[in-house]
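Visitor: Generate a structure from the sequence data that follows.
(one chain, ligands or ions: 1)
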Amino acid sequence: MKTVLQNVRIETDYLKNAGFTYGTKTKKVAITFEDGVITAVSDSEESFDPKSAIIDGKNALVLPQLREMHVHFDKSKLGIPWYPVEPADSLVQRFTKEFEYLESAPLSFEERMKNLIELELAHGVTHFRSHIDIHPKVGQRYLESAQKVLSAYTDKLDYELVAFPQHGLLLSDAYDEMKTALRNGATLVGGVDPVSLDQNLALSLNQTFELATQFNVPMDLHIHERGDNARAFFSKLLELTKEANWQNKVTISHAYGLRDLAGTEQDELFSALAENGITIISSIPLNFVIPPLTKLKAAGVKTFIGCDNIYDCWSPFGNGDVMDKLNRYAEIFDQLSQEELTESLELVTGQKALALDGWLKVGMAANFTLVNADSTAEFVARKIPVSASYFNGKQVK
Ligand SMILES: [Zn+2]
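Guide: Next comes the predicted model:
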C-alpha cells in the first residue's frame, strides 16, 4: 500500500544577510513510498490518492537515516546491574578478563544485545556497523548469536558485521576462524594494532589484506598505535591498499596516532588517505587522543562517528546515542556556525542534509529521520531528541 508522509520540511538552502548565515531555508514536502521505496517527493498541499495511508508529519524536519558506524553487539553489559570496569594492566589483560566475564555474564548474549539495539533504535539509529569478536576460544559462537538476534530485526534496521580478531590476528592465531566467519556472513574484515599487539606489522597486515581480497570485502581496523608505530602502520597500509587496489574499501577506527604527526606530515598523509578513499571513524574520546577530524574532513577524508563502548568491560560510560557523540564532536572542534553544524550531520548519516533540489530522491529506500527542530544545526547543537525514524517505509521509533 502507498503511504504519504505529509507536512514535513526539507532543508534546501541557507538564509543569509550581509554575509552572516542566520538560519536554514526549508521547503514543505510530502513523501510517498511503497514497498519500502520512495516513489514521489511532492508539494505537501497536493491532494493524494484517498486509498493511500496519510500520515501527518506535523511540520517536522526530515533528515537522512542515522547510522551507528562503530559498535560491539557482543560486548554490551546493558541489562546487568551496575558492575564497574575491572582493573587491567594491559590490552592483553583487558581482553582476557573481558572474555572470562562475557562467558559467565549474569545475562544472556541475546538479552544484552537486544538491550543495546533497542537503546540505539530509541535514539533514532536504523543502520549499524558492529564488530564481532572472532578468535579460537570463541570460534563462531558470538557471530552466530548476533545473527540470530538480528533475524528478528530485519524490518527495523540494516547492518554490517565486522569479523574482529580482538585477541590479535597473529597473537591468537585467528586466521582460520576469521576465514570461517567471512564464509558465515561477516561482511568486513576487522583487525587491531598490528605493531603493538601482533608485533609484526607486515605479516599481520598482509594476512588482513589476504582475507579481504579473498572474500572481496572491505576492512575496518581498530588502530590505537601512536607515534612511530602509527607512522609505520599508515605507510604500510597505503602501500598495501594501492597494491591490492583496495581504494574506498578501507576504514581505520580510532586512528589516535594521526594526532602525533607534525603539520606537514599530517598534510601529506591526509591527502594520501583522501586519494585512496580511506575512511576514519572516531568514537570522539575526551582523553586527548581524538584525531584531527575537521582537518581530515577538510583534506577530503571521509569521516564517521560511532558510539563504540556502551557500558562494557572497557568503559562504564556511553548512552548509545550517536547524536550525543556528534554534539560532543561539534563542541570539541568548535563547530559553531549554521553551516558547520549542518555539515557535521554527515558524520552520522554519510550524506548531505541540505541540497538545493533536496536530498530526498525517488528510488531511494524510504529511510529517514524526523525531528522537531528548526534546522539540522539546531538538532545537532541543542540535542533535540529524534521524534520518529523510518526504515524501508516502516516507522521504527
Ligand atoms: Zn571498538
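Visitor: Surely residue 360 and residue 41 touch.
Guide: Yes: Residue 360 is within contact range of residue 41, at 4.9 Å (criterion: C-beta atoms under 8 Å). Every C-beta, even on glycine, is put in place using the N, C-alpha and C of the backbone.
Visitor: Give me the common contacts of those two.
Guide: Common neighbours of residue 360 and residue 41, counting by C-beta atoms under 8 Å, 6 or more residues apart in numbering, are 10, 29, 31.
Visitor: residues contacting the second one?
Guide: Contact analysis of residue 29 by C-beta under 8 Å, 6+ apart lists 8, 9, 10, 41, 42, 43, 44, 62, 358, 360.
Visitor: now the first one
Guide: By C-beta under 8 Å, 6+ apart, the residues touching residue 10 are 26, 27, 29, 41, 61, 62, 358, 359, 360.
Visitor: Let me see the mean pLDDT of the strand or helix carrying residue 210.
Guide: Element membership for residue 210 (DSSP states H and E) is helix 201-215. Confidence for helix 201-215, expressed as mean pLDDT, is 98.
Visitor: in it, what's buried?
Guide: 201, 204, 205, 207, 208, 209, 210, 211, 212, 213, 215 (16 or more other C-beta atoms under 10 Å).
Visitor: The fifth one and residue 244: what is the separation?
Guide: Taking C-beta to C-beta, to the nearest Å as the measure, residue 208 and residue 244 are separated by 10 Å.
Visitor: Residue 172 touches residue 165, doesn't it?
Guide: Yes: here residue 172 reaches residue 165: they are 6.5 Å apart, a contact under C-beta under 8 Å.
Visitor: Compare those two (neighbour count), which wins?
Guide: Higher neighbour count among residue 172 and residue 165: residue 165, with 32 against 21, using other C-beta atoms under 10 Å.
Visitor: quick one: contacts for the closest residue to that one other than its chain neighbours?
Guide: Excluding its sequence neighbours, the residue lying closest to residue 165 (C-beta to C-beta, 6 or more residues apart in numbering) is residue 174, at 4.1 Å. Residues in contact with residue 174 (C-beta under 8 Å, 6+ apart) are 134, 135, 136, 165, 167, 168.
Visitor: The same query, at a cut-off of 7 Å, please.
Guide: 134, 135, 136, 165, 167 (C-beta atoms under 7 Å, 6 or more residues apart in numbering).
Visitor: Retrieve the pLDDT associated with it.
Guide: Per-residue pLDDT puts residue 174 at 98.
Visitor: try residue 272
Guide: Model confidence at residue 272 (pLDDT) stands at 98.
Visitor: likewise residue 46?
Guide: 77.
Visitor: pLDDT-wise, which helix or strand of the protein ranks last?
Guide: strand 37-43 (a mean of 93; mean pLDDT, DSSP states H and E).
Visitor: which parts of that one are buried?
Guide: Quick answer for strand 37-43 (16+ other C-beta under 10 Å): 38, 39, 40, 41.
Visitor: What residues does the second one make contact with?
Guide: Each residue near residue 39 by C-beta under 7 Å, 6+ apart is listed here: 32, 33, 362.
Visitor: I'd say the last one and residue 42 touch.
Guide: Spelled out, that is residue 362. No: judged on C-beta atoms under 7 Å, residue 362 makes no contact with residue 42 at a distance of 10.0 Å.
Visitor: Just want the most central residue of this structure.
Guide: residue 69 (1.2 Å; C-alpha atoms, centre = their mean).
Visitor: pLDDT score for that residue?
Guide: 98.
Visitor: Which residues does the helix or strand where it lies contact?
Guide: Following DSSP H and E, one finds residue 69 within strand 66-71. Contacts to strand 66-71, defined as C-beta under 7 Å, 6+ apart, come from residues 120, 124-130, 253, 281, 283, 304-308, 322, 348-350, 369.
Visitor: Same question for stretch 354-362.
Guide: By C-beta under 7 Å, 6+ apart, stretch 354-362 touches 10-13, 24, 27, 31, 38-41, 62, 64, 342, 351-353, 376.
Visitor: centre of the chain versus that stretch, how much separation?
Guide: 22 Å (C-alpha atoms, centre = their mean, to the nearest Å).
Visitor: Is residue 110 in contact with residue 147, as I believe?
Guide: No: taking contacts as C-beta under 7 Å, residue 110 lies outside contact range of residue 147: 11.2 Å.
Visitor: So for the two, which sits in the more crowded spot?
Guide: residue 147 (17 against 13).
Visitor: secondary structure element for that one?
Guide: Per DSSP H and E, residue 147 falls inside helix 141-150.
Visitor: Give me the buried stretch members for that helix, please.
Guide: 142, 143, 145, 146, 147, 149, 150.
Visitor: In terms of distance to residue 185, which of those residues ranks first?
Guide: The nearest member of the buried residues of helix 141-150 to residue 185, counting by C-beta to C-beta, is residue 147 at 6.2 Å.
Visitor: Just the buried ones from the contacts of stretch 354-362, in ChimeraX syntax?
Guide: Buried members of the contacts of stretch 354-362, defined by 16+ other C-beta under 10 Å, are picked up in ChimeraX with:
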select :10,11,12,24,31,38,39,40,41,62,64,342,353,376
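Visitor: Take the contacts of stretch 354-362 and keep only those in helices.
Guide: Counting by DSSP state H, these place 342, 376 in helices.
Visitor: Break this protein down into its domains, please.
Guide: 3-64+353-395, 66-319 (automatic domain parsing).
Visitor: what's the most buried one of these?
Guide: domain 66-319 (a mean of 19; mean count of other C-beta atoms under 10 Å).
Visitor: Mind putting the contacts of residue 39 into a markdown table with distance to residue 330 and pLDDT?
Guide: Shown next, in a markdown table, are the contacts of residue 39 (distance: C-beta to C-beta, whole Å; pLDDT from 0 to 100):
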| residue | distance to residue 330 | pLDDT |
| --- | --- | --- |
| 32 | 34 | 96 |
| 33 | 31 | 96 |
| 362 | 32 | 96 |
